[in-house]
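Peer 1: I'll drop the sequence and a predicted model, then ask my questions.
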Amino acid sequence: MSNKDNEFEQNDFAEEFFDAAEINALNDEEERNNQSKNSKNKNKTIIIAVAAVVAVIAIVCGVYFGFFHNKGEEPTETSSQTTTTTTEAPVIITNPLTGEADYNEAAIGKRPVSVVIDNASGARPQYNMSKADLVVEGEVEGGESRMLWFFADMKNLPDQIGPTRSARPSFVKFAKLFDSVYVHFGGSHSKGSYVGGYETIKQEGVDDIDGMTVSSCFRRTSDKVSPHNAVLIGENLLAAVEKKNYRTDLDESSFSKLNFKEEVSPVSDVPCKNVTVKFSSRTRSHTLAYNSESKVYTNQADYATPVSFTNLIVMYADSTYIDKNNYKGAGRTETYLNYSLTSGNGKLISCGTAVDFTWSVDNGILSFKDKNGKDLKLNPGKSWIALTSANHNGSVTVE
């Protein structure tokens, strides 16, 4: 072989050697690249898997805490408007007969009690007159007056009330105007043209407690003599009412609602510092003086004990004298008086002032109206209603 041939052969060998080496290097590089690529893909797959797991966990946690944190809550809506929270004013429980606050809530919707009270000289001073929510007074017979005391809460009566006295027709009817349980000790009977207290109770369908037949809630006191010493035992009355199976829930349709102001204030521009009332020409006068500090009218002489009222309500009503001959078989005549409780005029005296009004009884409901025909507003406090004869010289004088 020639040197030239050897040179070509050596060159071919070297070329093949370098080609092989290059190929091997390329192969090695490609393999490394593939390994790197595979490694990156593997890492990427792992990262994606981990991210997916984290996302799932986050979603689960979000749902879990969101559900239990917001459980029972309504979804809220965003609004650019400002919401205002309003607070309702507290309900004030007031006595239906006085308009005064702090009344026993359990007594709301329950019937009041009315008690016939003796006002003869032997009965004075009476027991617990200041505890009555409303006092009605009028003539009965012989120029004497008698009273009807109203108590709104039957379960919260004084220990003794009285002296109690017998039923009279006008007082029975007045008690019915307030759907009250009527308490009395005895009563007059019908004779001739006179219709008695007992017969009126039956005719009017009035629930009554009579001390002549129900002894459990009455007793005689030792400081007065009969018939001026029979008193009602306040705490025993409810049991007597329940024993009679009388209704204790108030019938709103039979209850004459009194209307009151929120605070004591003058009722007019007409001043009245003193007031004198006569039920008729046959009766003595009652005089009450105004106390500007306590804003009440007081009287002591006529009841032998101090009494006071925020409202003095004079009701002019026609009256009728009826003779009952041979009274109790003694051959003498007793003259009774009945009031016509239909309609009339009146005068309200309160807070050092006086104003005229009208009154009427319609479908068993008593109402007071001012000069504009609106409900007359009384001042919160105890009231005294004077049944004054419109046709037998009853009068009221204000000073």
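Peer 2: Structure's in. What do you need? Here the structure is a predicted model, which is why all the values come from computation and not from measurement.

Peer 1: List the contacts of the closest residue in space to Asp370 that isn't next to it in sequence.
Peer 2: Nearest residue to Asp370, sequence neighbours excluded (Cβ to Cβ, 6 or more residues apart in numbering): Leu376, at 5.0 Å. Every C-beta, even on glycine, is put in place using the N, C-alpha and C of the backbone. If you count contacts by Cβ atoms under 8 Å, 6 or more residues apart in numbering, Leu376 has them with Asn259, Leu348, Phe357, Phe368, Lys369, Asp370.

Peer 1: so what pLDDT did Leu376 get?
Peer 2: On pLDDT, Leu376 comes in at 98.

Peer 1: now do Ala330
Peer 2: Ala330 is given a pLDDT of 76.

Peer 1: For it, what are phi and psi?
Peer 2: Dihedral pair for Ala330: phi -90, psi 0, per degrees, to the nearest 10.

Peer 1: likewise the one 3 residues further on?
Peer 2: When quoted as degrees, to the nearest 10, the phi and psi of Thr333 stand at phi -110, psi 130.

Peer 1: Could you tell me which residues make contact with it?
Peer 2: Asp323, Lys324, Asn325, Asn326, Tyr327.

Peer 1: Filter these down to the buried ones and hand me the ChimeraX line.
Peer 2: Listed next is the ChimeraX selection for buried residues among the contacts of Thr333, using 16 or more other Cβ atoms under 10 Å:
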select :324,327
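
Peer 1: which residues are in contact with the helix or strand Leu148 falls within?
Peer 2: Using DSSP states H and E, Leu148 sits within strand 145-151. Residues from elsewhere that reach strand 145-151 (Cβ under 8 Å, 6+ apart): 97, 112-119, 129, 131-140, 157, 161, 165, 168, 171, 174-175, 178, 180, 279, 283.

Peer 1: So what pairs up with the closest residue to Asp356 other than its chain neighbours in the strands?
Peer 2: The shortest distance from Asp356 to any non-neighbouring residue, by Cβ to Cβ, 6+ apart, is to Lys347 (5.7 Å). Note on Lys347: beta-bridge partners Val314, Asp356, judged by DSSP bridges.

Peer 1: Lys347 and Thr276 touch, don't they?
Peer 2: No. Under the criterion of Cβ atoms under 8 Å, Lys347 is not in contact with Thr276, lying 12.0 Å apart.

Peer 1: These two - which one has more neighbours?
Peer 2: Ranked by neighbour count (other Cβ atoms under 10 Å), Lys347 and Thr276 place Lys347 first, with 21 against 13.

Peer 1: check contacts around that one.
Peer 2: By Cβ under 8 Å, 6+ apart, the residues touching Lys347 are Ile313, Val314, Ala354, Val355, Asp356, Phe357, Val396, Val398.

Peer 1: do the same with Lys257
Peer 2: The contact partners of Lys257, taken as Cβ under 8 Å, 6+ apart, are Pro96.

Peer 1: now Ala120
Peer 2: By Cβ under 8 Å, 6+ apart, the contact list for Ala120 reads Glu144, His228.

Peer 1: What are the boundaries of the strands in the stretch 251-399 of the chain?
Peer 2: Here the stretch 251-399 of the chain has its strands, by DSSP state E, counting those that start in this stretch, at 270-271, 274-278, 285-291, 296-299, 307-309, 311-317, 319-324, 334-339, 343-350, 353-362, 365-369, 383-389, 395-398.

Peer 1: Out of those strands, which gets nearest to Glu242?
Peer 2: Comparing those against Glu242 with Cβ to Cβ, the closest turns out to be strand 365-369 (27.1 Å).

Peer 1: Which elements pack onto the closest one?
Peer 2: strand 353-362 (3 or more Cβ pairs under 8 Å, 6 or more residues apart in numbering; DSSP states H and E).

Peer 1: List the buried residues in the strand it packs on.
Peer 2: Residues Thr353, Ala354, Val355, Phe357, Thr358, Trp359, Val361 are the ones in strand 353-362 that count as buried (16+ other Cβ under 10 Å).

Peer 1: which residue ranges form the helices in the protein?
Peer 2: For the chain, the helices defined by DSSP state H occupy 3-69, 169-176, 197-204, 237-243.

Peer 1: May I have the last one exported as PDB, CA atoms only?
Peer 2: What follows is the C-alpha trace of helix 237-243 in PDB, where atoms were taken according to Å, rounded to 0.1, in the frame of the first residue of the first chain:
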ATOM      1  CA  LEU A 237    -113.500  38.900  98.100                       C
ATOM      2  CA  LEU A 238    -111.900  37.000  95.200                       C
ATOM      3  CA  ALA A 239    -112.700  33.600  96.700                       C
ATOM      4  CA  ALA A 240    -116.300  34.700  97.100                       C
ATOM      5  CA  VAL A 241    -116.500  35.800  93.500                       C
ATOM      6  CA  GLU A 242    -115.000  32.500  92.300                       C
ATOM      7  CA  LYS A 243    -117.300  30.500  94.500                       C
END
